[in-house]
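# quick one: sequence plus predicted model below, questions after.
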Amino acid sequence: MTAIPFDLDLLAELTEVGGVPGYEDRVREIVVRELEGTVDRLRTDAMGNVVGTIEGDGDCSVAVAAHMDEVGFMVRHVRGDEDGFGFVELDALGGWDARVLKAQRVTIHASDEDIPAVIGSPPPHTLDTDDRDETPEVKDVVVDPGLPFEELTTRVAPGDLVTLVQSTERVGETITGKALDDRVCLFAMLEAARRVTDPAVTIHFCATVQEEVGLRGAHALGVDIDPDLALALDVTVANDIPGFEDGEQVTELGGGTAIKLKDSSVITNPKLHGRLRSIAETEDIDYQLEILPSGGTDTAGFQQTAGAKPVGAISVPTRYLHTVTETAHVDDIRATVDLLEAFLETEDGTYDYTL
């Protein structure tokens, strides 16, 4: 089995911590810790974005972005009977397929404590045919913390956050866990920031917020930083499993890092993605091309916010997105770090990306 060529402990720390859109505090603490001593300047803003800047020799600036938030929930209601158990109802933060939520463990992040809980699933032999065939929705999900209603109302309130619970582990040639979207790319960005020395351009390493609810942090940073070029890092679909035709796979695990051509929010700059391909071939970095039919990334957030900007994206192929078993290949993670590093080391501000 291939040795893991990167810091799995840091990746596990990043993925296992909770951080839903707008409440990325715990992730932000890790990012700030890891960037301190690596960058020349480090700041946060009123939305919670983190920007670590390495000053270059020239006037050109490049933004590299990966988002900190994961899909999760906000408590919308605490219900129950006075002498019985209490239960929690949820509002979604980000895109969920409610079918994957049954029988999951969760953490309720209350104001001053974390409370373990489960999402219940009635035994199948107690359901009638209509119940079995019904497609669930997040509003129908009930969280069971195993606490009396009266006690629960003193510990949990509307507005508290909820995240799924899962450890991050190696499974064969892959890494699996929750929140690889997008913490695996956040990890890749931090690794590249450590490797890049004496760049010709100023590089802003951006850990963004609220991507899962509309690319909001990237839109703000596009104005605040106003980079000359932006490169986003995110996971992408890998439907390389039984049940999908070749054309539906988008990417495959083990095929290398993915260079994005388009998704539903952006068409990347042809000269920029062409340069990424050329670098990968020169440096013998395995890569594949990504044409994603639906879904958007921070790439689009930077494209127009402060005028027309060349944008590109590097993606980590990942199976089972927005579940607790998101899965990426060890070699693809390494290839993503290698391509990002090579791009930043060779970007000198002289490349013409105008079309």
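Received, thanks. Numbering: from 1, shown residues only.
# so where is the stretch 1-150 of the chain shaky, pLDDT-wise?
1, 121-135 (pLDDT under 70).
# Arg170: which element?
Assessed by DSSP states H and E, Arg170 sits inside strand 169-171.
# alpha carbons of the helix or strand just after that strand, as PDB, please.
Remark: after strand 169-171, the chain's next helix or strand is strand 174-177, criterion DSSP H and E. Output of strand 174-177 as PDB, limited to C-alpha atoms (Å, rounded to 0.1, in the frame of the first residue of the first chain):
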ATOM      1  CA  THR A 174      -8.000   6.500  -0.300                       C
ATOM      2  CA  ILE A 175      -8.800   8.900   2.500                       C
ATOM      3  CA  THR A 176     -12.400   9.000   3.700                       C
ATOM      4  CA  GLY A 177     -14.400  11.100   6.100                       C
END
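# excluding covalently adjacent residues, which one is nearest to Ile119?
Counting by Cβ to Cβ, 6 or more residues apart in numbering, Gln104 is the residue found nearest to Ile119 once chain neighbours are left out, at 4.8 Å. To be clear about C-beta, it is placed using only N, CA and C from the backbone, and glycine gets the same treatment.
# which residues are in contact with that neighbour?
By Cβ atoms under 8 Å, 6 or more residues apart in numbering, the contact set of Gln104 is 118-119, 164-165, 324.
# ditto for Leu180
Leu180 touches 15, 168, 235, 316, 318, 326-328, counting by Cβ under 8 Å, 6+ apart.
# from those residues, which land in strands?
235, 316, 318, 326-328 (DSSP state E).
# burial measure for Ile108, as a count.
By other Cβ atoms under 10 Å, the residues close to Ile108 number 23.
# go ahead and list the helix or strand containing Asp331.
Assigned by DSSP H and E, Asp331 falls in helix 330-346.
# same question for that helix: list its buried residues.
330-345 (16 or more other Cβ atoms under 10 Å).
# now for it, which elements pack on it?
strand 61-67, strand 174-177, helix 180-195, strand 229-237, strand 257-262, helix 270-282, strand 311-319 (3 or more Cβ pairs under 8 Å, 6 or more residues apart in numbering; DSSP states H and E).
# possible to save those as a markdown table with distance to Leu8?
Converted to a markdown table, the helices and strands packed on helix 330-346 look like this (distance: least, Cβ to Cβ, whole Å):
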| stretch | distance to Leu8 |
| --- | --- |
| strand 61-67 | 18 |
| strand 174-177 | 7 |
| helix 180-195 | 10 |
| strand 229-237 | 17 |
| strand 257-262 | 18 |
| helix 270-282 | 24 |
| strand 311-319 | 15 |
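# report the central residue of this structure.
For the chain, the residue sitting closest to the mean C-alpha position, by Cα atoms, centre = their mean, is Asp182 at 1.6 Å.
# quick one: Leu321 from Arg33, how far?
The spacing between Leu321 and Arg33, counted by Cβ to Cβ, to the nearest Å, is 27 Å.
# was I right to think Arg76 contacts Leu90?
Yes. Arg76 is in contact with Leu90 according to Cβ atoms under 8 Å; the separation is 6.2 Å.
# settle it for me: which of the two has more neighbours?
Counted by other Cβ under 10 Å, Arg76 and Leu90 do not tie: Leu90 has more neighbours, with 24 against 15.
# tell me which residues touch the more buried one, please.
By Cβ under 8 Å, 6+ apart, the contact set of Leu90 is 73-76, 138-139, 141, 143, 162.
# switch the cut-off to 7 Å
Applying Cβ atoms under 7 Å, 6 or more residues apart in numbering to Leu90 gives the contacts 73, 75-76, 138, 141, 143, 162.
# and these, which two are the farthest apart?
Largest separation among those by Cβ to Cβ: Val75 and Val138, giving 12.4 Å.
# quick one on the thing from earlier: now the helix holding Asp331: how far from the chain's centre is it?
Centroid displacement of helix 330-346 relative to its chain, using Cα atoms, centre = their mean, to the nearest Å, is 17 Å.
# other residues contacting it?
In contact with helix 330-346 (Cβ under 7 Å, 6+ apart) are residues 2, 4-6, 173-175, 184, 188, 191-192, 195-196, 199, 203, 253-254, 256-257, 276, 279-280, 283, 285-287, 314, 316-317.
# cool, stretch 313-321 as well?
Residues from elsewhere that reach stretch 313-321, judged by Cβ under 7 Å, 6+ apart: 180-181, 184-185, 231-238, 241, 251-253, 255, 257-260, 268, 276, 290, 297, 299, 326-329, 332-333, 336, 339-340.
# state the mean pLDDT of it.
For stretch 313-321, the mean per-residue pLDDT is 97.
# export only the CA atoms of it, formatted as PDB.
Only the C-alpha atoms of stretch 313-321 are listed here, as PDB (Å, rounded to 0.1, in the frame of the first residue of the first chain):
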ATOM      1  CA  ALA A 313      -9.500  25.900 -10.700                       C
ATOM      2  CA  ILE A 314      -7.700  22.800  -9.500                       C
ATOM      3  CA  SER A 315     -10.000  20.100  -8.100                       C
ATOM      4  CA  VAL A 316      -9.600  16.900  -6.000                       C
ATOM      5  CA  PRO A 317     -11.700  14.100  -7.400                       C
ATOM      6  CA  THR A 318     -14.000  12.900  -4.600                       C
ATOM      7  CA  ARG A 319     -16.700  10.200  -4.300                       C
ATOM      8  CA  TYR A 320     -19.900  10.500  -2.300                       C
ATOM      9  CA  LEU A 321     -19.900  14.300  -1.900                       C
END
